[in-house]
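In: I would like the atomic coordinates for the input below:
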Amino acid sequence: MYVKRSPTGAYLLTVVTLLVYFFVWYYKINDETRRYLRDDSIRPWHSVLAIFPGVLLIVPYFVSLYQTAERIRLVEERSGSPKRVRPVLGTVCGFLTLLTVLLMGGCLFYYQDHLNKAWTAASGGREATAPTAVDVAKAN
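Out: Just a heads-up that it's a prediction; the model follows:
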């Protein structure tokens, strides 16, 4: 069975599940292309592992993105679809996605560092600490 998925729905599920759905989706699309192409050399789990934790090694991430796009191109070709995915464009999109995630992580550290300094300043120079459950209970 081959499933038509809403790109917006898949994106929103990815956001809501904190990226978990992305890996499920990536497995499923690789499995569907494997079955459609009748190519047992396609290993969906290898594709997922190349994305994560393969992204830590950089190269497997991009190889997997490119190979998945090639598989989609083959499916388009065999199905007679007039449009063709461009594997290089998909890989560039993957690079931009990775860059966005890395920059967001950098943003987290940058914001938290500044917030920590603000908390220290607000406490009169003393080292500020996060409120404990007792502090919260006293405040209420």
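In: Find the centremost residue of the chain, please.
Out: In the chain, the C-alpha closest to the average C-alpha coordinate belongs to Leu19, at a distance of 5.4 Å (Cα atoms, centre = their mean).
In: Now that one. Its backbone dihedrals?
Out: With angles defined as degrees, to the nearest 10, Leu19 sits at phi 80, psi -10.
In: Which pLDDT value goes with it?
Out: Looking at Leu19, its pLDDT stands at 87.
In: where's it relative to Phe52, distance?
Out: Separation of Leu19 from Phe52 (Cβ to Cβ, to the nearest Å): 8 Å. C-beta here means a position set from N, CA and C on the backbone, and glycine is covered the same way.
In: Just say helix, strand or coil for Lys4.
Out: coil (DSSP: H, G, I helix; E, B strand; the rest coil).
In: what's the average pLDDT for stretch 33-41?
Out: Throughout stretch 33-41, pLDDT has a mean value of 96.
In: buried ones in that stretch?
Out: In terms of neighbour count (16 or more other Cβ atoms under 10 Å), stretch 33-41 has its buried residues at 33-34.
In: export it as PDB, just CAs?
Out: Written as PDB, here are the backbone C-alpha positions of stretch 33-41 (Å, rounded to 0.1, in the frame of the first residue of the first chain):
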ATOM      1  CA  THR A  33       9.700   3.100  -2.700                       C
ATOM      2  CA  ARG A  34      11.400  -0.200  -1.900                       C
ATOM      3  CA  ARG A  35       8.100  -2.000  -2.400                       C
ATOM      4  CA  TYR A  36       7.100  -0.100  -5.500                       C
ATOM      5  CA  LEU A  37      10.500  -0.500  -7.200                       C
ATOM      6  CA  ARG A  38      10.700  -4.100  -6.000                       C
ATOM      7  CA  ASP A  39      14.300  -3.400  -4.900                       C
ATOM      8  CA  ASP A  40      15.300  -5.400  -1.900                       C
ATOM      9  CA  SER A  41      18.600  -3.600  -1.800                       C
END
